[in-house]
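>>> take this sequence and fold it.
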Amino acid sequence: MVHDGGSAAERTFAEVLVEESSDALIALTRDGRIAFWSHGAERIFRYARAQAIGQLLDDLIVPNERRSEAQAQLDETIRAGFTLLETSRRRADGSRVVVDLVMRSVRDEAGALRFIAVNATDVSSLIRLRASRAAETRFRGLLEAAPDAMVIVGEDGRIVLANGQVEQLFGYPRDELIGQPVEVLVPERFRGRHPGHRRAYALESQPRPMGAGVDLFGRRKDGSEFPAEISLSPMDSVEGRLITAAIRDLSERRKAEEMFRGLLEAAPDAMVIVDATGRIVLVNARTEALFGYSRRELLERPVEVLLPARYREAHSGHRQGYFDRPVQRAMGSQLELHGLKKDGTEFPVEISLSPLDTPDGVLVSSAIRDVTERRATESALKVANRELQAFSYSVAHDLRTPLRGMNGFAQLLLDTYRDRLEPEAHDWLTEILTSARRMGGLIDALLSLSRVSRIELKPEPVDLTAIARASASQLASADRHREVTVVVCDGLHTEADPHLARTVIDNLLANAWKFTRHVAAPRIDVGVTDAGERRAFFVRDNGAGFDMAFASKLFLPFQRLHTVAEFPGTGIGLASVQRILQRHGGEIWAEGRIDHGATFYFTFHGRAAGAEP
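Residues are numbered from 1 along each chain as shown. Down below sits the predicted model:
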């Protein structure tokens, strides 16, 4: 290299600066031969110094199509002392590189040319550097926007970058963490093993969550710990392989989980929670007691282990269908469902399903209830009811013959000896006949109630509007001296046994007709309405009404809220109506006020299906 003089120290500094420069620094003789070739020139053009010294620069790095341009630049530099050009040059491997060339002529005190200094800057490196810095700026913006604490660690395990969430979560200023071993964020009892885990991950280097099935903890600057969830991702950079750790504080989730587990254990039913793959992720103590498995035996096993073998194949399809449309649903009220204990015994169950949204996806909670005792009770009640109905029918039927005899002989006495009887005896016989007729009416009503429970249901579409209008017409024909306004809504339809539906309407309209007897302007309305959360048919009147304190007695056989003298009847009609509706899966209830009328609401199938208001 050519020096201008100066102290040895100054020359040493100059040499160091030249050799450490990232630019290519080249010295040329007047004819364009290379007299000096820096390390920067070696890096950019990929020729070793020994290969370059003494060569013509144009032959070494100038493409053929740019030879004239290069010679003109050299001539201009010798003449004017300076030129600047952005151009393309050739590397040793034949690849091209875009460079900024600055050429100066260096002369002695007498003005004679000593050498030509060339400074070549790799423009493509600058572009990559600017792009890298722009990308880094964007990356830092994304890092700061992340909801989790983000820590980036180098291959040596030291922290190279952290976002604001790290400061908030761990309590360290960012500047204090940079350069520290990542173990500073790990509780002391785990620090000895952590470098080994870190190195093992560096060899594996693929995105994954840490600590599956293991409790992980972070350590704050103040020494306090918190449960954590950590996801790791590798990232290649110019500095080498980096590891990004996304750290989430699970303290609040753990509190919620503990509360949920407490509620789960307090549940009266067996609770089984299943993930989307059908595997059991959580059970309560009632599940262990009901099925005979320990918790450890059930976790991670397919839920079908709790089902009899004959249901398992179909169940996986039902389960997938539920996950496709997860809504709260009860199962088993109309279906025969069974569970399977560990010892192989089966038992009837009812199941309620509920979806649970969690950070890990949708889970399904199954509340399982053993209904063995209830089914046995229901079966016994059915048998008892059948026996009671048969007994009632038999008693009522058998009473009719002696009652008919009593009535006949009393009437015969009255007809034969009417003129010879004392007035008091005549009244007694008349009372016997009246009571016998009442008893006959009660027996007929009892037989009717029994038939309601025994008749086979034959549901079909029923026009309740037509039935109500026909029933009202019959009541008017039988009681011509009264004028009662009856308004029946159009479009009242349902699915029911037509004969029993007619019995319901006849009884309710007859009831309303009877209890409006003492009203100046009697009115009966038949329609459909929203009653609270339910949609129901109704029969409303403006008659005698009733005290709501006694509403529970309305539908009991032979229970009456008025005397026979006030309003005659057997007290069976409303009981029959209730039994008919219950057999259809519906219900009946009433609202009333004394002297302000009553409204009877009823459904055949839980709701007034198909009805139009």
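>>> where does pLDDT dip in the stretch 201-350 of the chain?
For the stretch 201-350 of the chain, the stretches with pLDDT under 70 are 202-214, 237-240, 256-257, 326-335.
>>> now do the strands in it.
208-210, 216-219, 225-237, 240-249, 270-274, 280-283, 329-331, 337-340, 346-358 (DSSP state E, counting those that start in this stretch).
>>> can you say which of those strands is nearest to residue 166?
strand 240-249 (7.6 Å; Cβ to Cβ). (Glycine included, C-beta is placed from N, CA and C.)
>>> what helices or strands is that closest one leaning on?
strand 149-153, helix 164-170, helix 194-204, strand 225-237 (3 or more Cβ pairs under 8 Å, 6 or more residues apart in numbering; DSSP states H and E).
>>> in that strand, what's buried?
242, 243, 244, 245, 246, 247, 248, 249 (16 or more other Cβ atoms under 10 Å).
>>> now do the SS call for the residue with the largest distance to the centre of the chain.
Of all residues in the chain, residue 110 has its C-alpha farthest from the mean position, at 89.8 Å, by Cα atoms, centre = their mean. With DSSP: H, G, I helix; E, B strand; the rest coil as the basis, residue 110 sits in coil.
>>> how close does it sit to residue 122?
Residue 110 sits 36 Å away from residue 122, going by Cβ to Cβ, to the nearest Å.
>>> got it, and residue 194?
41 Å.
>>> need the contact list for residue 410.
429, 432, 433, 436 (Cβ atoms under 8 Å, 6 or more residues apart in numbering).
>>> which SS class is the second one?
Spelled out, it's residue 432. Strictly by three-state DSSP, residue 432 counts as helix.
>>> tell me how many other residues crowd it.
Other residues near residue 432 come to 17 when the count uses other Cβ atoms under 10 Å.
>>> give me the nearest residue to it, chain neighbours excluded.
Leaving out its chain neighbours, the residue that sits closest to residue 432 by Cβ to Cβ, 6 or more residues apart in numbering is residue 410, at 4.6 Å.
>>> before we move on, the earlier item: out of residue 194 and residue 122, which sits in the busier spot?
With neighbours defined as other Cβ under 10 Å, residue 194 and residue 122 compare such that residue 122 has more, 21 against 16.
>>> pLDDT score for the more buried one?
pLDDT, residue 122: 83.
>>> ok, back up a step: report the two of the contacts of residue 410 separated the most.
Applying Cβ to Cβ across those, the maximum distance is between 429 and 436, 10.6 Å.
>>> please identify which of the strands of the stretch 201-350 of the chain is closest to residue 497.
strand 329-331 (26.3 Å).
>>> please name the nearest non-neighbouring residue to residue 538.
Using Cβ to Cβ, 6+ apart, the nearest residue to residue 538 is residue 601, at 4.9 Å.
>>> give the contact list for residue 85.
69, 73, 100, 101.
>>> I meant residue 20, not that one.
residue 39.
>>> next, it: phi, psi?
phi -90, psi -10 (degrees, to the nearest 10).
>>> quick one: the most centrally placed residue in the chain from residue 480, how far?
Central residue of the chain (Cα atoms, centre = their mean): residue 357, 3.9 Å from the mean position. The gap separating residue 357 from residue 480 is 67 Å, by Cβ to Cβ.
>>> and residue 19, how far is that from residue 37?
Residue 19 sits at a distance of 11 Å from residue 37 (criterion: Cβ to Cβ).
>>> settle it for me: which of these two has more neighbours?
Neighbours per residue, other Cβ under 10 Å: of residue 19 and residue 37, the larger number sits with residue 37, 25 against 11.
>>> so what pairs up with the more buried one in the strands?
Beta-bridge pairing for residue 37 (DSSP bridges): residue 26.
>>> my guess is it meets residue 44, correct?
No - contact between residue 37 and residue 44 fails when scored by Cβ atoms under 8 Å: they sit 10.7 Å apart.
>>> so what's residue 367 up against?
So residue 367 contacts 267, 269, 270, 271, 351, 352, 354 (Cβ under 8 Å, 6+ apart).
>>> which SSE is it in?
Assessed by DSSP states H and E, residue 367 sits inside strand 361-370.
>>> now swap in residue 73 and tell me
For residue 73, the host element (DSSP H and E) is helix 67-80.
>>> next secondary structure after that helix?
Counting by DSSP H and E, what follows helix 67-80 is strand 82-90.
>>> that older thread, and the contacts of residue 410, which is closest to residue 305?
Distances from residue 305 to the contacts of residue 410, taken by Cβ to Cβ, are shortest for residue 436, at 68.3 Å.
>>> and the closest one, that's in a strand?
No - using three-state DSSP, the secondary structure at residue 436 is helix, not a strand.
>>> so who does it touch?
403, 406, 407, 410.
>>> any chance of those residues in CSV, with secondary structure, pLDDT and distance to residue 226 too?
Listed next are the contacts of residue 436 as CSV, based on DSSP: H, G, I helix; E, B strand; the rest coil; pLDDT from 0 to 100; distance: Cβ to Cβ, whole Å:
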residue, secondary structure, pLDDT, distance to residue 226
403, helix, 75, 86
406, helix, 79, 90
407, helix, 79, 90
410, helix, 80, 94
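>>> which parts of the stretch 251-400 of the chain are helices?
Counting by DSSP state H, counting those that start in this stretch, the stretch 251-400 of the chain has helices at residues 251-266, 285-291, 295-298, 309-324, 372-416.
>>> figure out which of those helices is closest to residue 522.
In terms of Cβ to Cβ, the element of the helices of the stretch 251-400 of the chain nearest to residue 522 is helix 372-416, at 33.6 Å.
>>> tell me, how many residues neighbour the residue nearest to residue 538?
Residue 601 has 21 nearby residues by other Cβ under 10 Å.
>>> swap in residue 434?
Residue 434: 11 neighbours (other Cβ under 10 Å).
>>> one more: residue 79?
9.
>>> state the distance from it to residue 73.
Taking Cβ to Cβ, one finds residue 79 at 11 Å from residue 73.
>>> can you check residue 86 too?
Distance from residue 86 to residue 73, by Cβ to Cβ: 12 Å.
>>> what's the overlap in contacts for those two?
Common neighbours of residue 86 and residue 73 (Cβ under 8 Å, 6+ apart) are residue 101.
>>> ok so, going back, and the residue nearest to residue 432, how far from residue 180?
In terms of Cβ to Cβ, residue 410 sits 113 Å off from residue 180.
>>> cool, residue 78 as well?
57 Å.
>>> thinking again about what came up before, want to throw the helices of the stretch 251-400 of the chain into TSV with distance to residue 339?
Below are the helices of the stretch 251-400 of the chain laid out as TSV (distance: least, Cβ to Cβ, whole Å):
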stretch	distance to residue 339
helix 251-266	18
helix 285-291	7
helix 295-298	13
helix 309-324	10
helix 372-416	10
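>>> tell me which of those helices sits most buried.
Of all the helices of the stretch 251-400 of the chain, helix 285-291 has the most neighbours on average by mean count of other Cβ atoms under 10 Å, namely a mean of 19.
>>> want to throw the contacts of residue 367 into JSON lines with neighbour count?
Formatted as JSON lines, the contacts of residue 367 follow (neighbours: other Cβ atoms under 10 Å):
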{"residue": "267", "neighbour count": "14"}
{"residue": "269", "neighbour count": "18"}
{"residue": "270", "neighbour count": "23"}
{"residue": "271", "neighbour count": "22"}
{"residue": "351", "neighbour count": "19"}
{"residue": "352", "neighbour count": "17"}
{"residue": "354", "neighbour count": "16"}
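>>> wait, which of these is closest to residue 521?
Closest to residue 521, out of all of the contacts of residue 367 and judged by Cβ to Cβ, is residue 352, at 51.1 Å.
>>> pLDDT score for that closest one?
In this prediction residue 352 is given a pLDDT of 87.
>>> all helices of the stretch 401-550 of the chain, in order?
Under DSSP H, counting those that start in this stretch, the stretch 401-550 of the chain gives helices at 423-454, 464-478, 498-515.
>>> in the shortest one, what's buried?
Residues of helix 464-478 classed as buried: 464, 465, 467, 468, 471, 472, 475 (neighbour count, 16+ other Cβ under 10 Å).
>>> what does the last one give?
For helix 498-515, the buried set under the neighbour-count rule, 16+ other Cβ under 10 Å, comprises 500-515.
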